[in-house]
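> Quick one: sequence plus predicted model below, questions after.
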Amino acid sequence: MRTRAIIIEQLGPPECLVEREITLRDPGSAEVHLRVAAAGVNFADLMMRMGLYGTVPPRPFSPGFEVAGTVARVGKGVIGWKEGDRAVALMRHGGYAHDVVVPQDHLFPWPGDLPPSEAAAIPVIFLTAWVCLHRAGAARAGERVLILGAAGGVGTAAVQLAVRAGLTVFGTAGTPGKRRFVEQELGAAGCFDSRGDWERDIRRRAGERGIDLALDPVGGGATRACGRLLAPLGRVVVYGMSRGAPGTRRSWVQAAWAYLRTPRFHPLNLVGRNQGILGVHLLHLGDREPVLRAAYEEMLPDLAANSLYPVMDKSYSLSAKGASAAHRRLHERRNLGKVVLAATSDEE
């Protein structure tokens, strides 16, 4: 059958995204055809579009790691899903489309009666935050966690999960309004200016004890600052490098500068400081992917009851124009929470 998708045919600014009619293959034995109601937008999508993301198929291809929709067809070997069921799904790419085919193992239950845009906003941010905090970061109640980009999609999810787990949360964000939201609405103990000297501010608040865990999607000098703030047995979990893409077009100079400014951690130095450095890439877990299902099932009751929730920033139409506007909003760091593309949205 034929469907429509937003495609990357050439690298460039947000306006290089185009909408095309494509052929949708039939679902295989263990696959499901999902009719997409909404798709999440993540910073990694922007990196794909600029050519700064490592694991992508040959162009042309559609970006998009997560969708929410209705099951339209199921393969002969599919168990537990039937036509008409609502589901959310994780994908390696291809989510900016009106129809997708995904393995049944990548489908997750729809959280309660959430609207499609909120359901689509959940998988990447909450699973990334959970893995960073609880699996890689081994967070424990009473510890102090620093969450860079605390007003973004993953950041707002991580603050909620950390507060729920009994951690003292410090964050960074770029505007006074975002910082107030992280403190007053999400429960952080403090949120500091990501464009200022946040390392000094956090050191004053944390005192000699320092930080037990830092979640870092920024890279560059921010990673170095996180390391300086760590207490003994502290951990830095890196899950991105947004510092490598400060503009809307790829710049190898800026990307290389961010890479070179990111510190190298020699094992013996880590031993001497009693510190750890870990990296998380949600879609590179291989045979450890069952960790994601267990994490999702743990969070599902709270997500369905809205005691954990995706902070929603803005919804755009599932179209080339809407996707371009969504990408530009993330580039300009104007979002507070999650940006999504909705099949029924009229907003461009």
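Arrived safely, thanks for sending.

> Let me know the helix or strand that Gly69 is in.
Taking DSSP states H and E as the criterion, the element that holds Gly69 is strand 66-74.

> try Asp113
Assigning secondary structure by DSSP H and E places Asp113 outside every helix and strand.

> residues near the closest residue in space to it that isn't next to it in sequence, how many?
Leaving aside its sequence neighbours, Asp113 sits nearest to Ala304 (Cβ to Cβ, 6 or more residues apart in numbering; 8.0 Å). C-beta here means a position set from N, CA and C on the backbone, and glycine is covered the same way. Using other Cβ atoms under 10 Å, Ala304 has 15 other residues around it.

> just checking, Ala304 touches Ala119?
No - under the criterion of Cβ atoms under 8 Å, Ala304 lies out of contact with Ala119, with a separation of 10.3 Å.

> Need the residues touching each of the two.
Residues within reach of Ala304 and of Ala119 at once, by Cβ atoms under 8 Å, 6 or more residues apart in numbering, are Pro111.

> I'd assumed Ala5 was in contact with Thr23.
No - taking Cβ under 8 Å as the definition, Thr23 is not a contact partner of Ala5, at 10.2 Å.

> what about the two, which has more around it?
Set Thr23 next to Ala5 and count neighbours by other Cβ under 10 Å: Ala5 wins out with 25 against 7.

> who touches the more buried one in this structure?
When the contact criterion is Cβ under 8 Å, 6+ apart, the partners of Ala5 are Glu19, Arg20, Ile22, Ser62, Gly94, Tyr96, Ala97, His98.

> about what we covered before: quick one, the next helix or strand after the strand holding Gly69 and strand 66-74 angle?
Sequence-wise, the next helix or strand beyond strand 66-74 is strand 86-90, with elements assigned using DSSP H and E. Angle, strand 86-90 to strand 66-74, by axes from the mean of the first three to the mean of the last three Cα atoms, to 10 degrees: 120 degrees.

> Figure out how far strand 86-90 is from the centre of its chain.
When distances are taken as Cα atoms, centre = their mean, to the nearest Å, strand 86-90 is centred 16 Å away from the chain's centroid.

> Give the ranges of residues in the stretch 101-250 of the chain that sit below the confidence cut-off.
Low-confidence regions of the stretch 101-250 of the chain, defined here as pLDDT under 70, cover residues 244-247, 249-250.

> quick one, helices of it?
Using DSSP state H, counting those that start in this stretch, the helices of the stretch 101-250 of the chain run over 116-120, 122-130, 153-164, 176-184, 198-206, 221-229.

> need those helices in CSV with mean neighbour count and distance to Pro57, can you?
Rendered in CSV, the data for those read as follows (neighbours: other Cβ atoms under 10 Å; distance: least, Cβ to Cβ, whole Å):
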stretch, mean neighbour count, distance to Pro57
helix 116-120, 26, 22
helix 122-130, 25, 19
helix 153-164, 26, 24
helix 176-184, 18, 35
helix 198-206, 16, 38
helix 221-229, 20, 29
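
> Ok, which of the ones you listed comes nearest Asp287?
Relative to Asp287, the nearest member of the helices of the stretch 101-250 of the chain by Cβ to Cβ is helix 122-130, separated by 16.5 Å.
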